[in-house]
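Novice: this one's structure only:
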């Protein structure tokens with residue numbers, strides 16, 4: 001529970017995420033270079049290195065035990081990402097490592113992993129990749145789900 005940050009509302013503080021909801025869990029705080037692994041078997045659909053705010057970003061498309069698509073998002077990774085777009089990967093396989101605190105490689109933040117789950121297949125044309133959603137979009141439905149609830153309910157083997 002202390003790792004849960006999905007859905008937290010940022011008040012109207014005048015900052016860039018003002019009046020928005022967080023679309024993932026932030027975990028592994030201050031663990032620079034911590035190894036990050038895939039939560040399940042899948043295909044790597046997106047890899048970006050050094051993207052503003054995200055740092056290194058990897059998105060993996062999976063199917064759950066019922067055949068439904070979902071995507072896992074891993075961000076604030078360092079530049080040495082261990083996968084490429086199109087790679088077929090297995091649960092527990094290394095994706096990359098966290099970036100260093102307050103550097104371009106981790107998006108300028110303290111070292112941590114932003115981990116999100118989005119239901120449905122990866123669609124490059126539909127821009128759903130985000131760390132925060134405006135309040136009205138959060139209330140309207142968006143495909144993002146609480147990662148901890150999703151994993152407990154949908155990924156049991």
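Specialist: Noted; the coordinates are in hand. Fair warning: this is a prediction, and the values are worked out from it, not measured in the lab.
Novice: Can you tell me how far the residue nearest to residue 68 when sequence neighbours are not counted is from residue 10?
Specialist: Among residues not flanking residue 68 along the chain, residue 119 sits closest, at 7.5 Å (CB to CB, 6 or more residues apart in numbering). Glycine gets a C-beta too; all of them are placed from N, C-alpha and C. Distance, residue 119 to residue 10, by CB to CB, to the nearest Å: 23 Å.
Novice: again with residue 56
Specialist: Going from residue 56 to residue 10 by CB to CB gives 23 Å.
Novice: Residue 74 now?
Specialist: 22 Å.
Novice: On the three-state scheme, residue 105 is what?
Specialist: For residue 105, the secondary structure call by DSSP: H, G, I helix; E, B strand; the rest coil comes out as helix.
Novice: what sits against the closest residue to it other than its chain neighbours?
Specialist: Closest residue in space to residue 105, ignoring its immediate chain neighbours: residue 99 at 3.8 Å, by CB to CB, 6+ apart. By CB atoms under 8 Å, 6 or more residues apart in numbering, the contact set of residue 99 is 32, 55-56, 76-79, 105-107, 111.
Novice: Helices of the chain, start to end?
Specialist: 135-140, 147-154 (DSSP state H).
Novice: of residue 74 and residue 10, who's got more company?
Specialist: Higher neighbour count among residue 74 and residue 10: residue 74, with 25 against 15, using other CB atoms under 10 Å.
Novice: re earlier: looking at the helices of the chain, which is nearest to residue 28?
Specialist: With CB to CB, the closest approach to residue 28 among the helices of the chain belongs to helix 147-154: 13.1 Å.
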